[in-house]
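Trainee: need the 3D shape of this:
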Amino acid sequence: MGRVVIAGSINMDVVATADRHPRVGETVAGRQVLYFPGGKGANQAVAASRLGARTTLIGLLGKDSFAEELKAFLGDQAVDLGYVRETADAHTGTAIITVAEADNTIVVIPGTNALVSADDVSVVPLLKGDVAVSQFEIPLPTIAAFFQRARSAQATTVLNPAPAQKFAHDLLELVDILVLNESELGLLAGVDLSEGDEPARIMGVARQLRAREDQTICVTLGKRGVLALAAREEIVVAGRVVQAVDTTGAGDCFVGALAAQLAGGAALRDALAFANAAASISVQRMGAGPSMPTAAEVAAVL
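Mentor: Prediction:
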């Protein structure tokens, strides 16, 4: 059984809840303010660890009160923090989140996440069977260095290109499994996609984006499920209708769950179904990191 090794962001999420989102220039009364451990890297690590995978997180924290709270939380989730450094050069990453009408808006201040370097990812041992995961909340050259090491070790590389931005084809070629939603897929492929697009069109755009024939592209569609293009196989996982409370971290839950399943030797189709179920549980709870389910909870809904 392999490990899940995640190079990514660690944030404190400051969440304000309200009945509706303010329009530009408008002030609305909120209901409450909450503090949740977050950051795409940390969220995915918590998801993988809670689902039974041996999980290592690589990242950078400031020397502030948020850092202490985040280390305590992640340690309680059995995430290996041996490769998380601290620096006084910047504050711990912070996200300002507004939750209203079961949806959210997010402003991320990178802080120390912007300082994660190739040196930080170079010291972590990787082995065949491991799953190396990253996202776009740390510098892209760092991700490239991480994936080059992973490919050399015959580990599986998983990239979640979010928040979406254009990136070099050289990095895409290092990715074994690309996990993104339809808006991110549209941006990277230079195609307009919407929630109403048919699966065949989404699969066609994914095929255009793919850098290698053996590369897998997974497109998450929220309540509509998941589509995946794997070699010449097309996989469709049906969505699950649930009462969503907070969608923050749902994509991270999916990525962490997928990585945990693959590290445990699951077939891609089974891993996707498991990850889809895990994400559907996470949206029924407030917060990102704390909303991640356990393996027993996912097994119950499957």
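Trainee: quick one: name whatever helix or strand follows the worst-scoring helix or strand of the chain on mean pLDDT.
Mentor: Between all helices and strands in the chain, the lowest mean by mean pLDDT, DSSP states H and E belongs to strand 103-109, at a mean of 86. Following strand 103-109 in sequence order, the next helix or strand is helix 118-122 (DSSP states H and E).
Trainee: what's that following helix packed up against?
Mentor: strand 55-62, helix 140-152 (3 or more CB pairs under 8 Å, 6 or more residues apart in numbering; DSSP states H and E). Heads up, the C-betas are built off the backbone N, CA and C, glycines and all.
Trainee: dump the ones you listed to CSV, plus distance to Gly249, mean neighbour count and mean pLDDT.
Mentor: Output for the helices and strands packed on helix 118-122, formatted as CSV (distance: least, CB to CB, whole Å; neighbours: other CB atoms under 10 Å; pLDDT from 0 to 100):
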stretch, distance to Gly249, mean neighbour count, mean pLDDT
strand 55-62, 15, 26, 98
helix 140-152, 20, 20, 98
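Trainee: nearest to Leu174, out of the ones you listed?
Mentor: Across those, Leu174 has its closest neighbour in helix 140-152 (3.9 Å, CB to CB).
Trainee: who's in contact with that closest one?
Mentor: If you take CB atoms under 8 Å, 6 or more residues apart in numbering as the criterion, helix 140-152 is touched by 5, 7, 58, 116-118, 120-122, 126, 130, 132, 134, 136, 156-157, 159, 167-168, 170-171, 174-175.
Trainee: need the CA coordinates for stretch 270-285. PDB is fine.
Mentor: In PDB, the C-alpha atoms belonging to stretch 270-285 read as follows (Å, rounded to 0.1, in the frame of the first residue of the first chain):
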ATOM      1  CA  ASP A 270     -14.100   2.400  -7.900                       C
ATOM      2  CA  ALA A 271     -11.900   5.200  -6.700                       C
ATOM      3  CA  LEU A 272     -13.900   7.800  -8.500                       C
ATOM      4  CA  ALA A 273     -17.200   6.400  -7.100                       C
ATOM      5  CA  PHE A 274     -15.800   6.500  -3.600                       C
ATOM      6  CA  ALA A 275     -14.500  10.000  -4.000                       C
ATOM      7  CA  ASN A 276     -17.800  11.200  -5.400                       C
ATOM      8  CA  ALA A 277     -19.600   9.800  -2.400                       C
ATOM      9  CA  ALA A 278     -17.100  11.400   0.000                       C
ATOM     10  CA  ALA A 279     -17.500  14.800  -1.600                       C
ATOM     11  CA  SER A 280     -21.300  14.500  -1.300                       C
ATOM     12  CA  ILE A 281     -20.900  14.000   2.500                       C
ATOM     13  CA  SER A 282     -18.500  17.000   2.900                       C
ATOM     14  CA  VAL A 283     -21.000  19.500   1.400                       C
ATOM     15  CA  GLN A 284     -23.500  18.700   4.100                       C
ATOM     16  CA  ARG A 285     -21.200  20.200   6.800                       C
END
